[in-house]
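just coords:
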């Protein structure tokens, strides 16, 4: 388990689990820290897709959601399937050791390889597909993670690109033209306004952005970038937990960061968890975007200031 803070804002590094051949290390490592932000993200996304502007977007074609920093497709797994985050933790724990499964003779089977797990996952997700599933697209710099999510059937399209460094490919530009909603849950900080500037110029005018952003990370640069492309951004009330801190050192860095941002950590980071704020961006004025936000936002913490 991580026991040191990375150079990025004092946050512990999980780099070694983000680009494995399959998701087992990801779930095994993050589960003990009560990693839960995808649960909040799928609930908020589902509510947003039911609002008038996003329902109207279906007039332009099937609604497509692009998950930025999609990793192994966890957000798509929850959004488009009758599964909870606990279901996924149990599923991958079951296939993370040979001792948990048995053949018809009763002896323990070997731990499945990535290819075998992929075959299991294709059937698993197909069996739990929601009737109202949307087109799920994914973007991430981690090639193995994106490829696994695509091959498992979680993503209709998976794009392995680093927009912090490069312009989007022609394939990604074409995909962005059909996107009605971009979601990002915890990836801000790894991606900045550079990525958003390269994305938003290829979006249709009716597209929205839903972001869950850790309070330790600034979002103002992205807000300005989105405004330059006609999107108004409103911050939601309260907070949503991301995960428990890995160490006292990581917590100390987080508390210092939110205080430096003029926020109070008491009741939030000081109590042991990273907290994220909801930011919603869409076409129209502040009043109209705020009205949509009112239908979407259900925080799990008191409003912060």
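Received, thanks. All figures in this text were calculated on a predicted structure; none of them were measured in a lab.

From here on, just use CA atoms for contacts and neighbour counts.
Fine.

What residues does the residue nearest the centre of the chain make contact with?
Central residue of the chain (Cα atoms, centre = their mean): residue 185, 3.5 Å from the mean position. If a contact means Cα atoms under 8 Å, 6 or more residues apart in numbering, then residue 185 has 37, 38, 41, 69, 211, 212, 213 as its contacts.

rerun that using 10 Å as the cut-off
Residue 185 makes contact with 37-42, 67-70, 75, 210-214, 242, 276-278 under the criterion Cα atoms under 10 Å, 6 or more residues apart in numbering.

Kindly report the same for residue 274.
With the criterion set at Cα under 10 Å, 6+ apart, residue 274 makes contact with 35, 37, 214-216, 239-245, 250-251, 254-255, 265, 268.

next one: residue 43
Under the criterion of Cα under 10 Å, 6+ apart, the neighbours of residue 43 are 78, 79, 296, 297, 298.

Residue 196 looks like it's in a helix, true?
Yes - assessed by DSSP: H, G, I helix; E, B strand; the rest coil, residue 196 belongs to a helix.

and the one helix or strand residue 76 maps to, how far out from the chain's middle?
Using DSSP states H and E, residue 76 sits in helix 74-79. Computed by Cα atoms, centre = their mean, to the nearest Å, the chain-centroid distance of helix 74-79 equals 8 Å.

Quick check: next helix or strand after that helix?
Following helix 74-79 toward the C-terminus (DSSP H and E): helix 85-94.

List the buried residues in that following helix.
85, 89, 92, 93 (16 or more other Cα atoms under 10 Å).

doesn't residue 235 make contact with residue 279?
Yes - between residue 279 and residue 235 there is a contact under Cα atoms under 10 Å: 4.4 Å.

So for the two, which residues contact both of them?
211, 212, 293, 297.

Selecting buried members of the contacts of residue 43 in ChimeraX, what would you type?
Selection command for ChimeraX covering only the buried members of the contacts of residue 43, criterion 16+ other Cα under 10 Å:
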select :78,79,296,297,298
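
Tabulate the contacts of residue 43 (TSV), appending distance to residue 260 and pLDDT.
Conversion of these to TSV gives the following (distance: Cα to Cα, whole Å; pLDDT from 0 to 100):
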residue	distance to residue 260	pLDDT
78	34	98
79	35	98
296	29	97
297	26	92
298	26	79
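
which residues of the stretch 201-305 of the chain fall in helices?
Assigned by DSSP state H, counting those that start in this stretch, the stretch 201-305 of the chain shows helices spanning 220-228, 248-260, 286-296.

taking those helices together, which one is wrapped up most tightly?
helix 248-260 (a mean of 18; mean count of other Cα atoms under 10 Å).

Who are the packing partners of that one?
strand 273-283 (3 or more Cα pairs under 10 Å, 6 or more residues apart in numbering; DSSP states H and E).

and the gap between residue 92 and residue 29?
Residue 92 sits 11 Å away from residue 29, going by Cα to Cα, to the nearest Å.

which outside residues touch the strand or helix carrying residue 120?
Counting by DSSP H and E, the element that carries residue 120 is helix 114-127. Helix 114-127 is contacted from outside by 20-24, 77, 80-83, 91-92, 95-96, 111-112, 148-149, 151-154, using Cα under 10 Å, 6+ apart.

about what we covered before: comparing residue 279 and residue 235, which residue is more hemmed in?
It is residue 279, of residue 279 and residue 235, that has more neighbours when counted by other Cα atoms under 10 Å, with 19 against 15.

residues of the helix holding residue 120 that come out buried?
Applying 16+ other Cα under 10 Å to helix 114-127 flags 117, 118, 121, 125 as buried.

Can you flag which of the shared contacts of residue 279 and residue 235 belong to strands?
211, 212 (DSSP state E).

Which members of the shared contacts of residue 279 and residue 235 are the farthest-apart pair?
212 and 293 (13.1 Å; Cα to Cα).

quick revisit: what would the shared contacts of residue 279 and residue 235 look like in JSON lines with distance to residue 165?
As requested, these are arranged in JSON lines below (distance: Cα to Cα, whole Å):
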{"residue": "211", "distance to residue 165": "21"}
{"residue": "212", "distance to residue 165": "23"}
{"residue": "293", "distance to residue 165": "32"}
{"residue": "297", "distance to residue 165": "33"}
